[in-house]
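Asker: Sequence and predicted structure are below.
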Number of protein chains: 2
Amino acid sequence: MAGTPRKKPIKSAPAPRAADSVNRVYAAIQRMAVNFEFRPEQRINEVELAATLGVSRTPVREALNRLVIEGLITLVPNKGFYCRPFDAEQIISLFEVRAALERLSVELAAERASDVRIAELMDFWNGVRANRAAMDAEELTSRDEEFHIRIAAMGGNPELVRMLESINARIRFVRRIEIENPLRRTTTFDEHLAIAEALKARDRDRAVSCMSDHIGISVADAVAAMKEGLARIYMGRIAS
Amino acid sequence: MAGTPRKKPIKSAPAPRAADSVNRVYAAIQRMAVNFEFRPEQRINEVELAATLGVSRTPVREALNRLVIEGLITLVPNKGFYCRPFDAEQIISLFEVRAALERLSVELAAERASDVRIAELMDFWNGVRANRAAMDAEELTSRDEEFHIRIAAMGGNPELVRMLESINARIRFVRRIEIENPLRRTTTFDEHLAIAEALKARDRDRAVSCMSDHIGISVADAVAAMKEGLARIYMGRIAS
DNA sequence: GCATTCTGAAGTGTACACACTTTCACGGAG
DNA sequence: CTCCGTGAAAGTGTGTACACTTCAGAATGC
């Protein structure tokens, strides 16, 4: 064992391959794009971004190509990669599609979820509710998403989960602002519980209608939230 | 003008940049993956594929990364890119999601489509029906998809269209086999017309129910079609 | 004979090189 | 003053090089 240089000698390792750079880089850029850390329509400088992330342009470009398909980045040939535009109609479109998928979500969950999973869902949300004073909008948005994704997962349809996650990433910015509204915040807690109750009762139609009420409200407020969102992006976090 | 070498001197051009390789390569590999020209779970050799397509590995890898997000290719770190598995449960999942999105499709179309677009839709499908004798399963599948995509487009929701197209690419293989069934073929023509009629009458509920019948049937037959699909992939096109 | 280790080839992951395109500032002509 | 070339710098698109990983099969030890 003494003489076998298993991985590396103690000596200088010149750059032993970063191991899975693309996935790290992908996650990092995704996070930035989701949070609009690039301004809408801003060109993304590959060299600069690569330097920031400590890798070469190759994994950066591979990650960006993934994000193009996800709809978080756009690509203009011979010009480069750009941050997605802040497109109000597109966001409305995503909310519409999301509503349809969330409907499927509760339908499947009402039919297929085990009692245990439904009980866990209620426990989870009661836990969030109990801690709500300690949570900022960021964390609460995350819990909100988790609630919906759990329901989707209970339906046993992994593709549904994937698509909802992808849509959530693209509208998270708006939803986080919505959730800052104290009124909306309160109603969200009750609406989630109503959905969970309907699932527990295996009342598919009621679950659909609760979900529909829950999602439906937000479309109306979305425009206001988007306005605020635009202001945040361009004016920084100064104005509360 | 005489002295300005605008693009290239007449002299040998060593390889003047293939211009938009990634998009060409992406489309090519996508087509191959959709048609299962790679066997399920088969590792995709990058050098070989690059040579076949006449480019280097760089654009090939960028295209493959896009296809991973689309769900047509999987990536195992340090092993390489693989053809997606032939997963019956996943295909069922996709059919379920598709049904939910097609429902949204007709709902939106019934509300928002112009009379002209609806009339064009009927003309389009009557035209297909008239030519049906001259069409093979491949072409008919394409027209079938176009019918559904037109409805989605009429609803004015581009994201819905995108997602349906993405799902269609992943289940096209199964649907093409379904359409080969002469019985199914006949019913499809009538069902499409019934949907179009309901849209023309602006009868949203009837449109939903027609669409639901139309899609619902296929889930039941999907398993049989998948069996046949597996045989095709592994035994070639010999056995009809 | 069987398990284990070694070894080389094949292939992926990433950095880098270089040609081409775009962009922008500058300067001259109208 | 505006408008159009012009040229250089910046930046993208793709080919290539090379280190590392994996895998299969031979060689070795028991």
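Answerer: That came through, no problem. Please read these numbers as outputs of a predicted model, since none were measured by experiment.

Asker: in chain A, which spans are strands?
Answerer: Secondary structure of chain A (DSSP state E): strands at A:43-44, A:73-76, A:80-83.

Asker: and the second one, which strands flank it?
Answerer: Under the criterion DSSP bridges, strand A:73-76 sits next to strand A:80-83 (antiparallel) in its sheet.

Asker: pull the CA atoms of the partner strand into CSV?
Answerer: What follows is strand A:80-83, C-alpha atoms only, in CSV (Å, rounded to 0.1, in the frame of the first residue of the first chain):
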residue,chain,number,x,y,z
GLY,A,80,-24.9,35.2,-27.8
PHE,A,81,-27.0,34.2,-24.9
TYR,A,82,-29.4,36.6,-23.4
CYS,A,83,-31.5,36.8,-20.2
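
Asker: ok, the residue nearest the centre of chain A to chain B distance?
Answerer: Nearest to the geometric centre of chain A sits residue A:169, at 3.1 Å (Cα atoms, centre = their mean). Distance of residue A:169 to chain B, computed by Cβ to the nearest Cβ, to the nearest Å: 12 Å. Quick note: C-beta positions are derived from backbone N, CA and C, even for glycine.

Asker: what separates the closest residue to that residue other than its chain neighbours from residue A:176, distance-wise?
Answerer: The shortest distance from residue A:169 to any non-neighbouring residue, by Cβ to Cβ, 6 or more residues apart in numbering or on different chains, is to residue A:34 (5.0 Å). In this view, residue A:34 and residue A:176 are 10 Å apart by Cβ to Cβ, to the nearest Å.

Asker: For these two, work out which one has more neighbours and name it.
Answerer: Using other Cβ atoms under 10 Å in any protein chain shown as the criterion, residue A:34 and residue A:176 rank with residue A:176 on top: 21 against 17.

Asker: which residues touch that one?
Answerer: A:137, A:138, A:141 (Cβ atoms under 8 Å, 6 or more residues apart in numbering or on different chains).

Asker: May I see those arranged in JSON lines, with neighbour count as well?
Answerer: Below are these laid out as JSON lines (neighbours: other Cβ atoms under 10 Å in any protein chain shown):
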{"residue": "A:137", "neighbour count": "16"}
{"residue": "A:138", "neighbour count": "12"}
{"residue": "A:141", "neighbour count": "20"}
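
Asker: with those residues in mind, which one is nearest to residue A:49?
Answerer: Checking these against residue A:49 by Cβ to Cβ gives residue A:138 as the nearest, at 23.6 Å.

Asker: Can you tell me the closest non-neighbouring residue to that closest one?
Answerer: Spatial nearest neighbour of residue A:138, excluding adjacent residues (Cβ to Cβ, 6+ apart): residue A:176 at 6.5 Å.

Asker: Could you report the pLDDT at that neighbour?
Answerer: pLDDT for residue A:176: 92.

Asker: Show me how chain A divides into domains.
Answerer: For chain A, automatic domain parsing gives the domain ranges A:21-83, A:88-235.

Asker: Distance from the chain centre to the shortest one, please.
Answerer: Taking the mean of its C-alpha atoms, domain A:21-83 sits 17 Å from the chain's own mean (Cα atoms, centre = their mean, to the nearest Å).

Asker: mind listing what's buried in the lengthiest helix in chain A?
Answerer: Secondary structure of chain A per DSSP state H: the longest helix is helix A:204-235. For helix A:204-235, burial by neighbour count (16 or more other Cβ atoms under 10 Å in any protein chain shown) applies to A:204, A:206-211, A:214-215, A:218, A:222, A:225-226, A:228-229, A:232-233.

Asker: pLDDT below threshold where in chain A?
Answerer: Low-confidence segments of chain A, defined by pLDDT under 70: A:1-19, A:218-220, A:236-240.

Asker: residues in contact with residue A:42?
Answerer: Residue A:42 touches A:82, A:83, counting by Cβ under 8 Å, 6+ apart.

Asker: repeat that for 6 Å
Answerer: When contacts are counted by Cβ atoms under 6 Å, 6 or more residues apart in numbering or on different chains, residue A:42 touches residue A:83.

Asker: so how far is residue A:94 from it?
Answerer: Residue A:42 is 21 Å from residue A:94, where distance means Cβ to Cβ.

Asker: go on, residue A:130?
Answerer: 31 Å.

Asker: neighbour count winner among the two?
Answerer: Under the neighbour definition other Cβ under 10 Å, residue A:130 and residue A:94 were set side by side, and residue A:94 has more, 24 against 9.

Asker: ok so, going back, which of the domains of chain A sits closest to residue B:125?
Answerer: When the domains of chain A are compared for distance to residue B:125 using Cβ to Cβ, the nearest one is domain A:88-235, at 24.0 Å.

Asker: residues in contact with residue A:211?
Answerer: Taking Cβ under 6 Å, 6+ apart, we find residue A:211 in contact with A:102, A:106, A:195.

Asker: Count residues in the vicinity of the first one, would you?
Answerer: Applying other Cβ under 10 Å, we find 23 residues neighbouring residue A:102.

Asker: Next: residue A:150.
Answerer: 20.

Asker: any idea how far the nearest residue to residue A:221 once chain neighbours are set aside lies from residue A:194?
Answerer: The shortest distance from residue A:221 to any non-neighbouring residue, by Cβ to Cβ, 6+ apart, is to residue A:178 (5.8 Å). For residue A:178, the distance to residue A:194 equals 18 Å [Cβ to Cβ].

Asker: and those two? which has more neighbours close in?
Answerer: residue A:178 (23 against 17).

Asker: thinking that one is in contact with residue A:225, fair?
Answerer: Yes - counting by Cβ atoms under 6 Å, residue A:178 does reach residue A:225; the two are 4.8 Å apart.

Asker: Would you check how far apart the nearest residue to residue A:185 once chain neighbours are set aside and DNA strand D are?
Answerer: Spatial nearest neighbour of residue A:185, excluding adjacent residues (Cβ to Cβ, 6+ apart): residue A:179 at 5.9 Å. Distance, residue A:179 to DNA strand D, by Cβ to the nearest atom of the strand, to the nearest Å: 35 Å.

Asker: Pull the contacting residues for residue A:179.
Answerer: With contact set as Cβ under 6 Å, 6+ apart, residue A:179 has these partners: A:137, A:140, A:141, A:185.

Asker: Tell me how many other residues surround the last one.
Answerer: Yep, that's residue A:185 we're talking about. Applying other Cβ under 10 Å, we find 16 residues neighbouring residue A:185.

Asker: Please, where are all the helices along chain A?
Answerer: Under DSSP H, chain A gives helices at A:21-34, A:46-53, A:57-70, A:88-112, A:115-130, A:137-154, A:158-180, A:182-200, A:204-235.

Asker: helices or strands next to the shortest one in the packing?
Answerer: Helix A:46-53 sits against helix A:57-70, with contacts defined as 3 or more Cβ pairs under 6 Å, 6 or more residues apart in numbering or on different chains; DSSP states H and E.

Asker: outside of the helix it packs on, which residues touch it?
Answerer: For helix A:57-70, contacts defined as Cβ under 6 Å, 6+ apart pick out A:21-22, A:25-26, A:29, A:46, A:49-50, A:73, A:75, A:81, A:166, B:62, B:65-66, B:69-70.

Asker: mind listing what's buried in that helix?
Answerer: Residues of helix A:57-70 classed as buried: A:58-70 (neighbour count, 16+ other Cβ under 10 Å).

Asker: Excluding chain neighbours, what is closest to residue A:77?
Answerer: Excluding its sequence neighbours, the residue lying closest to residue A:77 (Cβ to Cβ, 6+ apart) is residue B:20, at 5.7 Å.
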